[in-house]
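# show me how the following folds:
(3 chains)
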Amino acid sequence: MLTVLPLVPLLAGLLALALPADGPRRALLVLAGLIHLALTLACFVHPPAPAYGGLLELDALGQLFLTLASLLFVAASCYAVGYLGHEGAGPRRDFQDGAAFVNAPERVFTMCLLLFLAAMTVVCATRNLSVLWVGIEATTLSSAPLIYFHRHRRSLEATWKYLVICSVGIALALLGNILFSVAFYDPASPLTSMGLTEMLPRAAGAAHPWLRAAFIFLLVGYGSKMGLAPMHNWLPDAHSQSPSLVSAMLSGALLNCAFLGILRAQQLLVAAGMGDFGGELLVLFGLVSMGTAAVFIVGQGDYKRLLAYSSVEHMGILALGVGIGGGATFGAMLHAVNHSLTKGALFLISGNILALYHTRSCYDARGLSRALPVTAALWTAGFLAIVGSPPFGIFVSELTILKAMLAGGHGFAATFYMVALAVIFIGMATPVCRMIQGPLPPAVPHPGREQLLSVVPPLLLLAATLVLGLYIPEAVTGLLERAAAAVSLGG
Amino acid sequence: MEMTQYLLVALVCVNLAYLAVTRLITLTRITAVQGLLLAAMPLAVLGPDPHSHALILSLGVFAIKAIGFPWLLARTLSRLSGDPVVEPYLGFNLSLLSGVAGLLFSLWLETRLPFPPGLFPPLLFPAALTSIFSGLALVVARRKAITQVIGYLAADNGIFLLGVPLAQGSVWLELSVLLDVFVAVFVMGIALHHINKTFESIDVGRFCSLRD
Amino acid sequence: MNALTHIVAALVLAPLIPGIINRVKARMAGRVGRPLLQTYYDLAKLIQKGVVVSHTATWMLAAGPAVSLAAVGCALLLLPGPASPAPVSFTGDFMLAAYCLGLSRLALILAALDTGSSFEGMGASREAAFSALAEPVLFLSFLVLAVGAPEISLSGMLGRGLTGVLAPERLFVPLILFIVLLTENCRIPVDDPTTHLELTMIHEVMVLDHSGPDMAFIVYGAALKLWFFAALTVLAVLPVRSLSPAAGWAAFLAGMLLVTVAIGLVESVMARLRLMRVPRLLGGAGALAALSLVLTVWR
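Take a look at the predicted model:
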């Protein structure tokens, strides 16, 4: 099964490039997403055997993130059908500076979307550090053209920053990989591969100074891709300039993939008995990210950048949770799920708002409840979910992490965490409330009925996180627990 | 062994040359020279082996780093408008001085780190580290977008150099890493082309519309 | 006696070097060129002429060339020959040699400033600036040569050849010394000795006001200085100490010829660098010297 899994989006992508007509190509996009999701879910029923000589191998951790990526992709691809139909081809005018621009050809966009999924599949479905690296670099390369869908100056600037910062960051991660193999160097019995299956049992005998150096480089390298402060500069730019469905994929799936890279390194450190070292660094980066996000969220005038900084915050929470360890690791896994679902939904909704108002400013996009009632309701619900109000899932996961922090005696971290969350709540509430209420700007055309394809995918995602807030199914708990155990026990 | 030393000293010179060069076309030629030297490294360090892994790796590196990258860069360069000179934020002599300082630091670091005995030939670690240094210096201390690409390449070359003595088992993975970097440079080249068209310059100092 | 052979050879043969350089350049350009011994003829002619001295000039103008020539002669005394150590040799004598050359330059600069001509002042300032940049490079390469030398003097440091098998960086030293040679002796690509435009001259513009025997001193001093640096470069490479005296002399003279021809070739194929680029050339040479030193010490 693993043999086929990355091939489905890959071949579909190549096919999409060849298809001349828009309709079948959009159908192909959704179909590939659905097949991918079906195969991913089938992996729960029949745990797949390693493929390609052990290069691809699915464990609980990978399965968790793979499922998230696949779900998000299906939601985004359904949304894309409506979005692409609405966008159309031909020259357009930039609503910000009035310059003329065109969109990227739709078939290139579709192909990159599918290749992006293929790359993420490889990242999730491997336990080999080299393959992981290749996959993460491939996600950067396949997603860069997605950010540059609207071919104007600002998106180009964002794409360039994304390419350079992430490529250099990932190059540092490659250095981390090499340092890992230095740590495991043993002329008597050399490592045959960078697979965790081979490395984990030998981790106890690895050289500690090199493990430390390797972890730092991997953390900084993949951390810059994950958007941990202070390496997050590309993230708000890329998320605000790309089409909303791409932002949803970036935030909901791509950041997780980079996080997975860090988790693999943490697994090795734990197996070597150095989990505390990695944990402390993760806590540090997590708190810095939360603090940075809080500072930039307050007074943020651009609602897509607002969501992007919120992603920085939640990546910080993930790092913090894993760094604290114990019950917080489970909390972090749950949080990853909830954040992906919620942030994916929020970005898709922000796309609806942008399509009507033609502005990303919270001050100009007003009267949402009059113009787009369903979207307004979803926007409110999404806001409540993302800031961690009950009954949504993020409340549960944030609470789990807080409990573990208090139980572990991390008083300072817990205080900082609560203060940052409170500041972010207030900082996000102001613009969201302003957008929901108020008069409709006169320049905005009266919208017709809201498109089904533009509200149903976010609705379903939000419903899923609502369910996770009320009741976590047995199967999900099992998966999360296995994933958490893999990280905190180094399995 | 002696061969390796000559290659490594040449690589260190190339790394310093990156920082002192003022013309873009010379910069692309330097990447070609570095690629050539790197292509010789697996053969020099690993020596002949029964599976001829070192040979495959050498050929791959030669094809991608010594021919592919310089060709891509030269092609990109020929399409760009404006003066083909490097525009520094940090002056050339200062950059060179910082490069020498980086070399000194990495030589010092080599004496301090507990290397597994027999893994790295002498001077390989400092050569790799200075390559990473000068690459990163090109990324942050030069104005033009294409110098950032070259800097990324130089840093990546340094990392590759560090990986050469460790590349025993999985040559194909090494090659796929190379291929990934090649595609990265290709994509960056396309982006550069668009930047040149849209901004009528490739000065990253003009990227100022996105900020908080 | 043996020790003085090299000094005598230098004093006699030095004016031949500009002749050979000129001949190489002429051949490269497809001309016949002036006689090899032209510098000797020039010197003989200049010695016989009278001196014209500006009314505004003081004794410095007259003293400059003499001091300059004497200082170069002192520096030569410190340089070992191919078959023998230098007549005067002590620990740290390379400092004295460098500063003798410095004194020689200082005397010329003061003489140039003494004339009060703005062109000469400009030339003097350029000469001072470039030599100030070349000096650290020269010292760095002396340090590289000093590593592992039996004694820290020119006689101890030179003539041992490129020691050590694992030392590719030692190959840089002759290259760096060659660049210093070009700078110190005002050759292309730093300065063009044959230019006719005062604005672009460096060394030549400095000595415009000298005539007669004074000019002869300057020309002869320049030839000796060229010999000094060429010998330095050759002795840094060739292991003449390990050869028999005759073979050593033969190798040394062949090396000198090679360096001279190399200067001629460089002058034929290169253009003068823009004034702003010269510091970069020397900066590069300095970086190379630093690199060589670091690698040599570190091993």
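
# when you work out contacts or count neighbours from here on, use the C-alpha atoms and nothing else.
Fine.

# which residues of the stretch 51-200 of chain C fall in helices?
Applying DSSP state H, counting those that start in this stretch to the stretch 51-200 of chain C gives helices spanning C:59-77, C:93-114, C:118-146, C:154-157, C:172-184.

# to chain B, which of the ones you listed lies closest?
helix C:172-184 (10.4 Å; CA to the nearest CA).

# is chain B contacted by that closest one?
No: Helix C:172-184 is not in contact with chain B by CA under 8 Å from any CA of the partner chain; minimum separation 10.4 Å.

# I'd like to know which elements that helix is packed against.
Applying 3 or more CA pairs under 8 Å, 6 or more residues apart in numbering or on different chains; DSSP states H and E, one finds that helix C:172-184 contacts helix C:118-146, helix C:212-237, helix C:278-298.

# got TSV for those, with mean pLDDT too?
Output for those, formatted as TSV (pLDDT from 0 to 100):
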stretch	mean pLDDT
helix C:118-146	90
helix C:212-237	93
helix C:278-298	85
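
# what's the helix or strand for the residue located most distally from the centre of chain A?
Here chain A reaches farthest from its C-alpha mean at A:A188, the gap being 41.1 Å by CA atoms, centre = their mean. In the assignment (DSSP states H and E), A:A188 maps to no helix and no strand.

# so it versus A:F277, what's the distance?
According to CA to CA, to the nearest Å, A:A188 stands 28 Å off from A:F277.

# also B:L8?
B:L8 sits 35 Å away from A:F277, going by CA to CA.

# the two: which is more packed in?
B:L8 (25 against 16; other CA atoms under 10 Å in any protein chain shown).

# so the residue most central in space within chain B: helix, strand or coil?
For chain B, the residue nearest the mean C-alpha position is B:A154 (1.6 Å; CA atoms, centre = their mean). Recorded secondary structure, B:A154: helix (DSSP: H, G, I helix; E, B strand; the rest coil).

# could you say which of the helices of the stretch 51-200 of chain C is packed most deeply?
helix C:154-157 (a mean of 24; mean count of other CA atoms under 10 Å in any protein chain shown).

# roughly how far is that helix from the heart of the chain?
Put simply, helix C:154-157 sits 18 Å off its chain's centre (CA atoms, centre = their mean, to the nearest Å).

# residues in contact with it?
C:78-80, C:85-86, C:89, C:92-94, C:145-146, C:149-151, C:236 (CA atoms under 8 Å, 6 or more residues apart in numbering or on different chains).

# what mean pLDDT does the longest helix belonging to chain B have?
Counting residues, the longest helix found in chain B (DSSP state H) is helix B:171-199. Across helix B:171-199, the average pLDDT comes to 88.

# same deal with stretch A:310-323?
96.

# how near is C:K49 to A:I136?
Taken as CA to CA, the spacing of C:K49 relative to A:I136 amounts to 82 Å.

# give me the more crowded residue out of these two.
Using other CA under 10 Å, the more surrounded residue of C:K49 and A:I136 is A:I136, with 29 against 14.

# who are the contact partners of the more buried one?
Applying CA under 8 Å, 6+ apart, we find A:I136 in contact with A:A119, A:M120, A:V123, A:I170, A:C257, A:A258.

# restrict the helix or strand hosting B:V149 to CA atoms and write it as PDB.
Assigned by DSSP H and E, B:V149 belongs to helix B:145-163. Backbone C-alpha positions of helix B:145-163 (Å, rounded to 0.1, in the frame of the first residue of the first chain) are rendered in PDB as follows:
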ATOM      1  CA  ALA B 145      19.000  37.900  -5.400                       C
ATOM      2  CA  ILE B 146      21.200  35.700  -7.600                       C
ATOM      3  CA  THR B 147      24.000  36.000  -5.100                       C
ATOM      4  CA  GLN B 148      21.700  34.600  -2.500                       C
ATOM      5  CA  VAL B 149      21.200  31.600  -4.800                       C
ATOM      6  CA  ILE B 150      24.900  31.200  -5.200                       C
ATOM      7  CA  GLY B 151      25.400  31.600  -1.400                       C
ATOM      8  CA  TYR B 152      22.800  28.800  -0.800                       C
ATOM      9  CA  LEU B 153      24.800  26.600  -3.300                       C
ATOM     10  CA  ALA B 154      28.100  27.300  -1.500                       C
ATOM     11  CA  ALA B 155      26.600  26.500   1.900                       C
ATOM     12  CA  ASP B 156      25.100  23.400   0.500                       C
ATOM     13  CA  ASN B 157      28.400  22.400  -1.100                       C
ATOM     14  CA  GLY B 158      30.000  22.800   2.400                       C
ATOM     15  CA  ILE B 159      27.500  20.500   3.900                       C
ATOM     16  CA  PHE B 160      28.000  18.000   1.100                       C
ATOM     17  CA  LEU B 161      31.700  18.100   1.700                       C
ATOM     18  CA  LEU B 162      31.200  17.200   5.400                       C
ATOM     19  CA  GLY B 163      29.000  14.300   4.300                       C
END
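
# is that helix anywhere near chain A?
Yes: using CA under 8 Å from any CA, helix B:145-163 reaches chain A at B:Q148, B:V149, B:Y152, B:A155, B:D156, B:I159, B:L162, B:G163.

# what number of residues lie near the nearest residue to the first one once chain neighbours are set aside?
Going back to what we said before, that points to B:Q148. Distances taken as CA to CA, 6 or more residues apart in numbering or on different chains put B:V139 closest to B:Q148, at 4.2 Å, once the chain neighbours are dropped. Taking other CA under 10 Å as the neighbour definition, B:V139 ends up with a count of 25.

# quick check: the gap between B:V139 and B:A145.
Distance of B:V139 to B:A145, computed by CA to CA: 8 Å.

# just checking, what packs against the helix or strand bottoming out on mean pLDDT in chain A?
Sorting the helices and strands of chain A by mean pLDDT, DSSP states H and E puts strand A:92-93 at the bottom, at a mean of 82. For strand A:92-93, the elements it packs on are strand A:100-101, judged by 3+ CA pairs under 8 Å, 6+ apart.

# how far off centre is the next helix or strand after the strand it packs on?
Using DSSP H and E, the helix or strand that follows strand A:100-101 towards the C-terminus is helix A:106-124. Offset of helix A:106-124 from its chain centre (CA atoms, centre = their mean): 14 Å.

# coming back round to it: any chance of the helices and strands packed on helix C:172-184 in a markdown table, plus distance to C:L158?
Converted to a markdown table, the helices and strands packed on helix C:172-184 look like this (distance: least, CA to CA, whole Å):
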| stretch | distance to C:L158 |
| --- | --- |
| helix C:118-146 | 7 |
| helix C:212-237 | 5 |
| helix C:278-298 | 16 |
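
# including distance to chain A, could those helices go into TSV?
Formatted as TSV, the helices and strands packed on helix C:172-184 follow (distance: least, CA to the nearest CA, whole Å):
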stretch	distance to chain A
helix C:118-146	34
helix C:212-237	40
helix C:278-298	23
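
# so which of the ones you listed is nearest A:F217?
helix C:278-298 (27.5 Å; CA to CA).

# same for the closest one, what does it pack against?
With contacts taken as 3+ CA pairs under 8 Å, 6+ apart, helix C:278-298 sits against helix B:92-112, helix C:118-146, helix C:172-184.

# rerun that using 10 Å as the cut-off
helix B:2-20, helix B:92-112, helix C:118-146, helix C:172-184 (3 or more CA pairs under 10 Å, 6 or more residues apart in numbering or on different chains; DSSP states H and E).

# that one to helix C:118-146, inter-axis angle?
Using axes from the mean of the first three to the mean of the last three CA atoms, to 10 degrees, the inter-axis angle of helix C:278-298 relative to helix C:118-146 is 10 degrees.

# buried sites along helix C:278-298?
Neighbour-count burial for helix C:278-298, counted by 16 or more other CA atoms under 10 Å in any protein chain shown, picks out C:278-296.
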